[in-house]
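**Student:** model this:
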Amino acid sequence: MKRIMVIGASAGAGKSTFATRLGKALNINVFHLDAFFWKPGWVEASKEEFTQAQQEMIKNNNSWIVEGNYTATFDIRAEKADTIIYLELPLRVCLYRVIKRWLTNLGKRRPDLGGGCTERMEWAFIKFIITTYRPRKKAMKERLDFYQEDKLVVRLKGKAAIEYFLQAIEQTKSSSAS
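**Tutor:** Here you go, the predicted structure:
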């Protein structure tokens, strides 16, 4: 596991938190796709800028953890990844976490977002999560089935499975360091 994608069924699945912990445990740099996509003031990067930023990151790093879905550029990362980790939690949990994150970070800038983006919430985002959750799960399953031919694909469903996986990695790395 040296080039890792962390993806999820939805916003609120815990991708950023998971990737950060995994990065610390494996001593691998973590790259958040939101930081590549969002420019100051919530301005979207063009597809060309977003694509180029990912290609540069992959080219300039021997190992990496990339966190985020962004299906339009999924194959750029998947082509070079050796591991894809998929997080799936129930829709209600994802929605709860998104709202909690918004309230917790109101008026602040999150480290996993591009610079100059203060936390915000829009009804369109909540609607997007609700309306795309089930189709996204289906599409992710098909995509993961395709990639498991030549990649390590880890599917973690539920908070307990996610925590167990992280603790196992953290324990393995801490025992090999001593």
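**Student:** quick one: Leu113 from Glu67, how far?
**Tutor:** Look at Leu113 and Glu67: by CB to CB, to the nearest Å, they are 12 Å apart. In this view, the C-beta of every residue, glycine as well, is placed from N, C-alpha and C.
**Student:** Please say which of the two ends up with more neighbours.
**Tutor:** Each of Leu113 and Glu67 has its neighbours counted (other CB atoms under 10 Å); Glu67 has more, 27 against 19.
**Student:** Contacts only, for the residue nearest to Trp42 when sequence neighbours are not counted.
**Tutor:** Counting by CB to CB, 6 or more residues apart in numbering, Cys117 is the residue found nearest to Trp42 once chain neighbours are left out, at 5.5 Å. Counting by CB atoms under 8 Å, 6 or more residues apart in numbering, Cys117 makes contact with Trp38, Pro40, Gly41, Trp42, Arg109, Arg110.
**Student:** among these, which two are most distant?
**Tutor:** By the measure CB to CB, Gly41 and Arg110 form the most distant pair in the contacts of Cys117, at 14.9 Å.
**Student:** Between the two, which is the more surrounded one?
**Tutor:** Between Gly41 and Arg110, counted using other CB under 10 Å, the more crowded position is Arg110 (16 against 10).
**Student:** Looks like that one contacts Gly116 (just checking).
**Tutor:** No - applying CB atoms under 8 Å as the test, Arg110 and Gly116 come out as separate, 11.6 Å apart.
**Student:** still on that earlier bit, CSV for the contacts of Cys117, including distance to Phe18?
**Tutor:** Formatted as CSV, those follow (distance: CB to CB, whole Å):
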residue, distance to Phe18
Trp38, 20
Pro40, 26
Gly41, 28
Trp42, 24
Arg109, 21
Arg110, 15
